[in-house]
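K.L.:
What shape does this take:
(chains A and B)
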Amino acid sequence: MSDQTLAVSADPSFEKRPSIFAGGGQTIDHVFRAGLIASGALVLVVLGAILFQLFIGGWPIIAADGLSFFTSSDWNPVTDRYGAVVMLYGTVVTAVIAVVIGVPVSFGITFFLTEVAPVGARRTIGTAIQLLAAVPSIIFGMWGFFVVAPLMAEWVEPVLGAVLGPIPVLGILFSGAPMGTGVLTAGLILALMIVPFMSAMFVEIIESVPPVLKEAAYGVGSTTSEVFRHISMPYGRTALVGGMMLGLGRALGETMAVTFVIGNANRIKASLFAPGASIASTIANEFPEAGPGSLKLNALLELGFALFVISFLVLALARWLVRSRLD
Amino acid sequence: MNLFNRRMAQDAVLKVVASGLALMVLVLLAWILWTLFIRGLSALSFSVFTQPTLPPGRGGGLANAIIGTLIQVIIAVVIAAPIGVMAGTYLAELGAKSKIAGTVRFINDVLLSAPSILIGLFVYQAIVLPFGGFSAWAGAVALAVVILPVVVRATEDMMRLVPGSLREAAFALGAPHWRVVTSVMWRAARAGIVTGILLAIARAAGETAPLLFTSLGNLSWSFDMTKPMASLPLAIYQYAGSPYDEWVALAWAGALLITVGVLTLNIVSRLVLAGVKRS
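P.N.:
Coordinates of the predicted model:
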């Protein structure tokens, strides 16, 4: 085979051409490529299998109650009645709090890391912030439960209640007894967890802004923050929105940290201080009491299916937005 | 104040606020680590590493949980790393313009951020129920699903960093595709792929949610892969919520161990990766 002319190149379309090689190397090549393709396909199979198993697992509750599972707020294992509204509410509210607090903080950190910090220190500070994203979520849960929740009950929530409580409408959110564990604490812990993740993406996006655009803005006399707000951010806005959605996706599905601090109460209260429940925390908490074949197990699996669909949509939209800008 | 002064003042204020926010996040990181060291170190003793978990009032340690985490994570890596490297290679080598590869890449990204508790539910449905009970195998498979997308992503990224001329030179020598990949591409990207796997290990070792309904946890020694097995994150979860001070202290010791382990793996990986990207 060595005296043949080698029509092999880095041209990606070469795989499709009929090969000039014959013999052993060819067979190995076919087997090797089949192995690569099979491994790639397995990724699709895994996601499909997760979707399928959760759908099948939750089907009995839909077959029994119809879609009222998603409109009922009654979650009562004693009477075997299950509704998902409380958990859907808790999941969405904690994730929204996390994003509302996390996004401005992430933009601040991005501005700091790309424009303000001394060039030599940027990588070190960026890495330190990234380390926060590597801390296991159960650690956030423990720290939140033992350290943050008491502080919330004693200081933060009473002050918020006194300052914001008297405001009409908005004040309802900050009324009620300061418990420490509750929806607000869960949202704050989630915000801290998604900030390193979002700011890493934001930094990457902002760094991809063509220097020529920024220099042109500096040339007409813009300040650093004006360039950041009026050039860099609008240039990367699609990808930045995608990054926020990725953060939202993370916050929606976070389990251990939320389970520790949300308070785990199956009811909806207007106050953010009150304990609640998210889909993930309910699954983690109630699973030990749900035996095989029980309707409660079906209800938990259906909750899982709902969480899967919600996060899949959010993540898919996010990836599409991020890719369409960066690639 | 004229317009110029106002703009300069606004710029200065925003810079100070941004610096303050960065500082705040660093302080929170330091606060978490400080809490772990203060509460964890005081509970850390020799018996934590030698004794299994015991009923309250009898001391005990976390040895079975540490060993359980090691066993399950190692098996998960053995399952997921080869598949992940192959799938990543598929994306880098054969997936430049193909629609299917685009779908695989997209689905892998979704899997990368999917809630880990759903992986636990999935493995419960797919393995625990059909095979008649909680087992360390189920836990290892759940962790493998956590590891897989991380390795796929790292492998593709790292193989794309290999200069095209290396690849072309190998093809020019008449090497078949599989040889180009195994002897040139994988070798050139080796450091990056290995650190990707290390990062995946760090992520899997700290995961609690996928193990809740799969390996369940175990209060005594167990090396039987078909039986429930202890792991550090599960032990922390069970002990942190217990009413016994002794167990809560052990939970802090476990939290310190797992965090130090995970962060060390992360820092080492990042240092290696930074070297790879620079060269």
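K.L.:
use CA for all of it now, contacts and neighbours both
P.N.:
Will do.
K.L.:
The nearest residue to residue A:171 once chain neighbours are set aside: neighbour count?
P.N.:
Nearest non-adjacent residue to residue A:171, counting by C-alpha to C-alpha, 6 or more residues apart in numbering or on different chains: residue A:165, 4.0 Å away. Per other C-alpha atoms under 10 Å in any protein chain shown, the neighbour tally for residue A:165 reads 18.
K.L.:
now do residue B:107
P.N.:
Using other C-alpha under 10 Å: residue B:107 sits among 22 other residues.
K.L.:
ok, so what distance separates it from residue B:32?
P.N.:
Residue B:107 sits 34 Å away from residue B:32, going by C-alpha to C-alpha, to the nearest Å.
K.L.:
any idea how far stretch B:28-38 is from the chain center?
P.N.:
Counting by C-alpha atoms, centre = their mean, to the nearest Å, stretch B:28-38 is centred 20 Å from the centre of its parent chain.
K.L.:
Buried ones in that stretch, by neighbour count?
P.N.:
Across stretch B:28-38, burial judged by 16 or more other C-alpha atoms under 10 Å in any protein chain shown covers B:29, B:32-33, B:35-37.
K.L.:
dump the residue contacts of residue A:140.
P.N.:
Counting by C-alpha atoms under 8 Å, 6 or more residues apart in numbering or on different chains, residue A:140 touches A:189, A:193, A:257, B:32.
K.L.:
What helix or strand is the spatially most central residue of chain A located in?
P.N.:
The centre of chain A sits closest to residue A:250, judged by C-alpha atoms, centre = their mean, with a distance of 1.3 Å. According to DSSP states H and E, residue A:250 maps onto helix A:237-253.
K.L.:
hmm, who's touching that helix?
P.N.:
Counting contacts by C-alpha under 8 Å, 6+ apart, the residues outside helix A:237-253 that touch it are A:91-92, A:94-96, A:98-99, A:103, A:190-191, A:194-195, A:197-198, A:201-202, A:205, A:233, A:279-280, A:307, A:311, A:314-315, A:317-326, B:113-117.
K.L.:
Swap in 6 Å and give it another go.
P.N.:
Helix A:237-253 has contacts (C-alpha atoms under 6 Å, 6 or more residues apart in numbering or on different chains) with A:91, A:95, A:190, A:194, A:198, A:311, A:314-315, A:318, A:321-322, A:325, B:115.
K.L.:
For chain B, what's the nearest residue on the stretch 201-327 of chain A?
P.N.:
Chain B sits closest to residue A:253 of the stretch 201-327 of chain A, with a gap of 4.5 Å, by C-alpha to the nearest C-alpha.
K.L.:
gap between residue A:111 and chain B?
P.N.:
Between residue A:111 and chain B the computed distance is 6 Å (C-alpha to the nearest C-alpha, to the nearest Å).
K.L.:
Under the pLDDT cut-off, which ranges of chain A? List them.
P.N.:
A:1-25, A:324-327 (pLDDT under 70).
K.L.:
Please repeat the previous calculation with a cut-off of 50.
P.N.:
Scanning chain A for pLDDT under 50 picks out the ranges A:1-9, A:18, A:20-23, A:325-327.
K.L.:
and it, which of its residues are near chain B?
P.N.:
A:10, A:29, A:36, A:39-40, A:50, A:108-109, A:112, A:136, A:225, A:253 (C-alpha under 6 Å from any C-alpha of the partner chain).
K.L.:
Where strands are concerned, which of those count?
P.N.:
Per DSSP state E, strands hold no members of the residues of chain A next to chain B.
K.L.:
With adjacent residues omitted, what lies nearest to residue B:197?
P.N.:
Excluding its sequence neighbours, the residue lying closest to residue B:197 (C-alpha to C-alpha, 6+ apart) is residue B:151, at 5.7 Å.
K.L.:
Quick check: phi and psi on the residue in the stretch 151-279 of chain B that chain A sits nearest to?
P.N.:
Chain A sits closest to residue B:206 of the stretch 151-279 of chain B, with a gap of 5.0 Å, by C-alpha to the nearest C-alpha. Here is the backbone geometry of residue B:206 (degrees, to the nearest 10): phi -90, psi 0.
K.L.:
Does it touch residue A:135 like I think?
P.N.:
No - using C-alpha atoms under 6 Å, residue B:206 is not in contact with residue A:135; the gap is 7.9 Å.
K.L.:
do you know how far residue B:29 is from residue A:127?
P.N.:
The spacing between residue B:29 and residue A:127, counted by C-alpha to C-alpha, is 12 Å.
K.L.:
Residue A:180 too?
P.N.:
Per C-alpha to C-alpha, residue A:180 is found 31 Å from residue A:127.
K.L.:
higher neighbour count, these two?
P.N.:
Neighbours were counted for residue A:180 and for residue A:127 using other C-alpha under 10 Å; residue A:180 has more, 27 against 17.
K.L.:
Look up how far residue A:160 lies from that one.
P.N.:
Residue A:180 is 12 Å from residue A:160, by C-alpha to C-alpha.
K.L.:
Quick check: longest helix in chain B by residues?
P.N.:
In chain B, assigned by DSSP state H, the helix with the most residues is helix B:3-43.
K.L.:
Check which element follows it along the chain.
P.N.:
helix B:46-50.
K.L.:
now that following helix, how far from the chain's geometric center?
P.N.:
For helix B:46-50 - counting by C-alpha atoms, centre = their mean - the centre lies 25 Å from the chain centre.
K.L.:
Name the surrounding residues that touch that helix.
P.N.:
Against helix B:46-50 from outside (C-alpha under 6 Å, 6+ apart): B:61-63.
K.L.:
what's the answer for stretch B:73-84, then?
P.N.:
For stretch B:73-84, the surrounding residues in contact (C-alpha under 6 Å, 6+ apart) are A:39, B:140-141, B:143-144, B:148, B:151-152.
K.L.:
which of those count as buried?
P.N.:
Buried among the contacts of stretch B:73-84 (16+ other C-alpha under 10 Å): A:39, B:140-141, B:143-144, B:148, B:151-152.
K.L.:
So which of the residues you listed are in helices?
P.N.:
Filtering the buried ones among the contacts of stretch B:73-84 for helices - DSSP H - leaves A:39, B:140-141, B:143-144, B:148, B:151-152.
K.L.:
residue contacts, the residue nearest to residue A:171?
P.N.:
Contacts of residue A:165 (C-alpha under 6 Å, 6+ apart): A:171, A:174-175.
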